[in-house]
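1. What follows is a predicted structure for the sequence shown.
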Amino acid sequence: MIFSSKPKNDRDSRPSVDLDRLVDQGSGPNTVLFLHGLFGTPEHYAEVMDRLSDHYRVIAPQLPIDPQPGRRLNGMQTVADLSETIEDLIKTLELDQFVLCGNSLGGLIAIDLCLRQPGHAKGLVLAGSAGLFERSPIRGLRSRPTREFVKKTVTGILYDHSLVSEALIDHWHSAVMDRDYVRFLLRVSRATRDRSVERELASLDLPTIIIWGSEDEITPPATGEEFQRLIRGSQLKFIDQCGHAPNWEKPAEFAELLEEFLPSCFA
């Protein structure tokens with residue numbers, strides 16, 4: 001993995017991507033830009049990126065929604081703040097031919113960006129995307145939640161609970177003991193809920209694949225079917241025994257679907 005250096009950012013009025021934490025692999029003119037969800041990280045795309053990096057440049061930023069000091073005060077207010085942040089990143093990296101791939105909140109950010117900048121992306125990949133219906137993964141979150149609550153929340157994202165390590169649970173339990181960060185997470189959750197794209201999806205005009213876990217409890221399979229119905233010409237693929245984050249839980253199957261899909265985007 002290659003981590004880029006961090007340039008000066010003259011847009012202090014909204015959150016920005018920390019380029020010191022950017023994962024950037026492969027090379028060439030064709031790029032896939034991966035966007036994670038609320039409890040995600042670039043690492044959740046690691047195996048997918050390794051597999052694709054022989055043929056594509058693959059990039060995954062850490063979205064500015066992770067536990068950091070001052071998130072509540074200086075963090076995003078709307079989904080548009082995050083899509084504009086990714087738009088800034090695309091300009092900074094001077095990306096020309098790219099496909100957006102987003103899981104959960106990352107999918108909604110990708111959709112929002114495609115709606116704001118029609119014709120910019122060459123293709124769109126949605127996995128367990130928000131924007132139509134989503135059971136909030138942080139339902140019931142309060143100040144100083146128990147470790148058991150955090151464990152239940154994180155395991156609810158996946159079908160295979162063995163992927164959720166004790167270290168991961170400890171990390172998120174420590175993060176949500178910060179009351180300011182809990183309030184920030186609740187704000188992110190509300191912003192995600194409030195950004196419905198149902199009436200706008202018909203305007204999307206780019207190759208789109210929708211990859212869904214057949215056991216997704218947060219955005220159930222019917223939500224994936226609704227995305228396919230509303231996005232003209234899109235294709236829908238289900239991955240069995242898989243929950244809300246197929247890129248993390250079933251990376252080999254996810255990468256295989258991308259390998260079949262991406263050439264049509266860059267043709």
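-> Cool, the structure landed.
2. Run through the strands of the stretch 1-150 of the chain in chain order.
-> Per DSSP state E, counting those that start in this stretch, the stretch 1-150 of the chain carries strands over the ranges 2-3, 23-25, 30-35, 57-60, 97-103, 123-127.
3. Work out the gap between stretch 260-267 and the centre of the chain.
-> Distance of stretch 260-267 from the chain centroid (CA atoms, centre = their mean, to the nearest Å) equals 20 Å.
4. hang on, the earlier thing: could I get the strands of the stretch 1-150 of the chain in a markdown table, plus columns for mean neighbour count?
-> Any C-beta I mention is one placed from the backbone N, CA and C, and that applies to glycine too. Converted to a markdown table, the strands of the stretch 1-150 of the chain look like this (neighbours: other CB atoms under 10 Å):
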| stretch | mean neighbour count |
| --- | --- |
| strand 2-3 | 12 |
| strand 23-25 | 19 |
| strand 30-35 | 25 |
| strand 57-60 | 25 |
| strand 97-103 | 26 |
| strand 123-127 | 27 |
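5. Could I get the ones you listed in CSV, plus columns for distance to Ala191?
-> Shown next, in CSV, are the strands of the stretch 1-150 of the chain (distance: least, CB to CB, whole Å):
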stretch, distance to Ala191
strand 2-3, 28
strand 23-25, 25
strand 30-35, 15
strand 57-60, 22
strand 97-103, 15
strand 123-127, 18
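6. now Arg256, what's its secondary structure?
-> Small correction: residue 256 is Glu, not Arg. helix (DSSP: H, G, I helix; E, B strand; the rest coil).
7. Could I get the contacting residues of it?
-> Applying CB atoms under 8 Å, 6 or more residues apart in numbering to Glu256 gives no contacts.
8. got a pLDDT number for Arg193?
-> Among the per-residue scores, Arg193 holds a pLDDT of 91.
9. That one falls within a helix, correct?
-> Yes - counting by three-state DSSP, Arg193 is part of a helix.
10. how close does it get to Leu206?
-> Separation of Arg193 from Leu206 (CB to CB, to the nearest Å) stands at 26 Å.
11. between these two, which one's more packed in?
-> Counted by other CB atoms under 10 Å, Arg193 and Leu206 do not tie: Leu206 has more neighbours, with 19 against 12.
12. And the pLDDT at that one?
-> The model's pLDDT for Leu206 equals 98.
13. now do Phe39
-> For Phe39, the predicted pLDDT is 87.
14. try Phe3
-> Looking at Phe3, its pLDDT is 35.
15. excluding its backbone neighbours, what's nearest Trp172?
-> Val150 (5.2 Å; CB to CB, 6 or more residues apart in numbering).
16. these two touch, right, the one you found and His173?
-> Yes - taking contacts as CB atoms under 8 Å, Val150 lies within contact range of His173: 4.4 Å.
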